[in-house]
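Engineer: only geometry, no sequence info:
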């Protein structure tokens, strides 16, 4: 640490501005004016060094130095408060300033009043001054990897032998574990890897650089295709070598970079291969990774007993190798399995152990792991509303990873179904086009919300996305959360789509899997969804949980004969009852038209009849655009052209056949212009056209109103109504067996 003026230049490289601010603070105190300065920067930014230099400068000026806000000594002095936290009262700091003290506060985040000085990373030139004697390439590599922060740069430089080139820095980067939280981009490391990936490298080194870059890009949801390309090239390069350590490293890296939920079986076989290669290459760390991948794949495939055995093997390997992070991961996954089986007190105790052990091990993901466990516990216990805000905060911090989908599920499970259903419309396109470690979980969460009343098209799209995974479990990422059988979600969607047979089949497979696994919370939820409320309530009650089901009942569709929706008058208003949707509407003309159509499903009703409000409108008969003679002439000419085209084909006269085909196409277009879609002759008069326009406008206005009040009914009606000169209600899927009007 600096102890004299001659060493300040060395200690304060790149910190002239900060040093001047500290000197000014001290000089003002000597002049009888107290003040405060808050120095803000991340760990390793030089806050501690700056505070030490400030203490030396204060000593040279004859000022005493205190390190507590509660110390009483009126007059000029320096008070240093490093990361004071909530225990330091703002009033104490204000008192110190009034007493004439110079108060220097160091913090990772800005807060409070007074001047704030934000530390910045070093430039490449400043870092070279901090690391004299190092080759320029080595300094540049260190700058890329540390983003120029002096603390990490000095630590990394200490690990690189003197005189070593930049390749030694890259080797250290490749051998080091990820430094950030899961799905958080380490931009400094990515920057280093990107630069080296663009250089000519030996195949073995290139394989390691590419697969590490692919893994570090996992936090970028737009980089899925590039991650796969990088990982595949790395596998190809490693496969050409005979180094089992390299092959194990690259296969492990590919599993991390390319989270393909469809490849669970392949993931299991790859995990076994990683373990074998790592043992041959005497790589204990990679062996543990292979054991962990085996646990994840077995969980995805629904074999939790075998998965638990693999987890125990992973944990014991960590104990053998003295790996504290493996112990934390093992505890967290044991808590997940306890939640699956409804052992809630055990899960809660394990979550507390994860928090303590993770903090001691320095695991970056500790806070997220414990939050995930406790959040899932809260959802099971019926406190879903409290999870919405934290999930939305994560969605802002990690966009593209579907945390807002889980927030929508929490909304639905807290009873805010209408707001949750709006999220289906917002999020569905991104989810269907997505990928990554949270994808299948996001599809399942959105499916649960959609089953409560989303448009049939949305439910159908989600059903198609989930169907390839039937028979498996919804496993998030590295099994830090498991949220039930895929068949449970498929059953809910099938019920929403009015397919009771498919729903019952999916629910049956889900309950069979849940019973085999002893997954009691899931079993209660599936039973409630299929209508077995008594058994569901008994299981939930035994676990001390609320009865599952945000809709207050089963989501299985009633028998088709039992589904009746209503559109009826109530005084001057109208009432619509469509399943769980209900609304009161003021009287408008379009509702009269809609009632007429709903009363006669499958029948054409002329626009003139709709606007007349009866069986028809007394008006002059419009003239057809094609009279009988014209129609007969067209038909005769078309028949004649057909015969001539056959003759030209038989004679091999290609040019004549082309001429006849052109004439026939023109004639057919003319007939279509004058004829209706259903083969009716188009008729034209001003009254009919006005009726068509007015009736269409009136019906569309009603549908637009219904979309905000009864979105499911509105979606069904839009899919079922045909407009034009003739109107028709042709019931589409997702609606009632009949309407009461």
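Structural biologist: That came through fine. Quick caveat: nothing in here was measured; it's all calculated off a predicted structure. Residues are numbered from 1 along each chain as shown.
Engineer: C-alpha from now on. contacts and neighbour counts both.
Structural biologist: OK.
Engineer: how near is residue 513 to residue 503?
Structural biologist: 16 Å (Cα to Cα, to the nearest Å).
Engineer: Would you mind telling me which of those two has the busier surroundings?
Structural biologist: Neighbours were counted for residue 513 and for residue 503 using other Cα atoms under 10 Å; residue 503 has more, 26 against 22.
Engineer: Might you report the residue contacts of the nearest residue to the more buried one once chain neighbours are set aside?
Structural biologist: Excluding its sequence neighbours, the residue lying closest to residue 503 (Cα to Cα, 6 or more residues apart in numbering) is residue 491, at 4.1 Å. By Cα atoms under 8 Å, 6 or more residues apart in numbering, residue 491 lies in contact with 502-507, 556.
Engineer: domain parsing for the chain?
Structural biologist: 5-118, 382-543, 563-622+686-741, 624-684 (automatic domain parsing).
Engineer: Looking at the ones you listed, which one is packed in the most?
Structural biologist: domain 382-543 (a mean of 21; mean count of other Cα atoms under 10 Å).
Engineer: mean confidence for the helix or strand harbouring residue 695?
Structural biologist: Counting by DSSP states H and E, the element that carries residue 695 is helix 686-709. Mean pLDDT, computed over helix 686-709, is 88.
Engineer: Show me what the helix or strand following that helix is packed up against.
Structural biologist: Where DSSP H and E defines the elements, the next helix or strand beyond helix 686-709 is helix 711-720. Applying 3 or more Cα pairs under 8 Å, 6 or more residues apart in numbering; DSSP states H and E, one finds that helix 711-720 contacts helix 456-466, helix 686-709.
Engineer: Any chance of those in TSV with distance to residue 725 as columns?
Structural biologist: Converted to TSV, the helices and strands packed on helix 711-720 look like this (distance: least, Cα to Cα, whole Å):
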stretch	distance to residue 725
helix 456-466	27
helix 686-709	5
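Engineer: Please identify which of those is closest to residue 567.
Structural biologist: helix 686-709 (11.9 Å; Cα to Cα).
Engineer: can you give me the offset of the closest one from its chain's centre?
Structural biologist: Computed by Cα atoms, centre = their mean, to the nearest Å, the chain-centroid distance of helix 686-709 equals 39 Å.
Engineer: what's it packed up against?
Structural biologist: strand 581-586, helix 589-598, helix 607-612, helix 711-720.
Engineer: same thing but 10 Å
Structural biologist: Under the contact criterion of 3 or more Cα pairs under 10 Å, 6 or more residues apart in numbering; DSSP states H and E, helix 686-709 touches helix 417-432, strand 581-586, helix 589-598, strand 605-606, helix 607-612, helix 711-720, strand 726-729.
Engineer: average pLDDT for the fourth one?
Structural biologist: The one in question is strand 605-606. Rounded mean pLDDT across strand 605-606 is 86.
Engineer: List the pairing partners of it within its sheet, with orientation.
Structural biologist: Strand 605-606 sits in its sheet next to strand 726-729 (antiparallel), going by DSSP bridges.
Engineer: any idea how far the partner strand is from the chain center?
Structural biologist: Offset of strand 726-729 from its chain centre (Cα atoms, centre = their mean): 42 Å.
Engineer: just how off-centre is the helix or strand just after that strand within its chain?
Structural biologist: Downstream of strand 726-729, the first helix or strand assigned by DSSP H and E is strand 738-740. For strand 738-740, the distance from its own C-alpha centre to the chain's C-alpha centre is 40 Å (Cα atoms, centre = their mean).
Engineer: ok, back up a step: wasn't the residue nearest to residue 503 part of a helix?
Structural biologist: Yes - under DSSP: H, G, I helix; E, B strand; the rest coil, residue 491 sits within a helix.
Engineer: what separates it from residue 473, distance-wise?
Structural biologist: Relative to residue 473, residue 491 is positioned 14 Å away (criterion: Cα to Cα).
Engineer: any common contacting residues for the two?
Structural biologist: residue 510 (Cα atoms under 10 Å, 6 or more residues apart in numbering).
Engineer: Please enumerate the strands of the stretch 501-650 of the chain.
Structural biologist: 564-570, 573-578, 581-586, 605-606, 623-624 (DSSP state E, counting those that start in this stretch).
Engineer: relative to helix 589-598, how tilted is the third one?
Structural biologist: Angle between the axes of strand 581-586 and helix 589-598 is 130 degrees (criterion: axes from the mean of the first three to the mean of the last three Cα atoms, to 10 degrees).
Engineer: helices or strands up against strand 581-586?
Structural biologist: strand 564-570, strand 573-578, helix 686-709, helix 711-720.
Engineer: about what we covered before: how about the helices and strands packed on helix 711-720, which one is nearest residue 231?
Structural biologist: Once these are compared by Cα to Cα, helix 456-466 is nearest, at 25.1 Å.
Engineer: For the next helix or strand along the chain from the closest one, name the packing helices and strands.
Structural biologist: Using DSSP H and E, the helix or strand that follows helix 456-466 in sequence is strand 473-476. Using 3+ Cα pairs under 10 Å, 6+ apart, the elements in contact with strand 473-476 are helix 284-300, helix 439-450, strand 481-485, helix 486-496.
Engineer: how close does the most centrally placed residue in the chain sit to residue 428?
Structural biologist: For the chain, the residue nearest the mean C-alpha position is residue 402 (1.2 Å; Cα atoms, centre = their mean). In this view, residue 402 and residue 428 are 10 Å apart by Cα to Cα.
Engineer: what does residue 196 give?
Structural biologist: Distance from residue 196 to residue 428, by Cα to Cα: 38 Å.
Engineer: try residue 701
Structural biologist: 26 Å.
Engineer: on that earlier part again, put together JSON lines for the strands of the stretch 501-650 of the chain, with distance to residue 339 on each row.
Structural biologist: Converted to JSON lines, these look like this (distance: least, Cα to Cα, whole Å):
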{"stretch": "strand 564-570", "distance to residue 339": "40"}
{"stretch": "strand 573-578", "distance to residue 339": "37"}
{"stretch": "strand 581-586", "distance to residue 339": "34"}
{"stretch": "strand 605-606", "distance to residue 339": "58"}
{"stretch": "strand 623-624", "distance to residue 339": "72"}
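Engineer: Between the ones you listed, which one is closest to residue 90.
Structural biologist: Of all these, strand 581-586 comes closest under Cα to Cα, at 53.7 Å.
Engineer: Can you give me the pLDDT of the residue lying closest to residue 341 once chain neighbours are set aside?
Structural biologist: Closest residue to residue 341 apart from its sequence neighbours, by Cα to Cα, 6+ apart: residue 519 at 4.3 Å. Reported pLDDT at residue 519 in the predicted model: 96.
Engineer: Thank you kindly, that will do.
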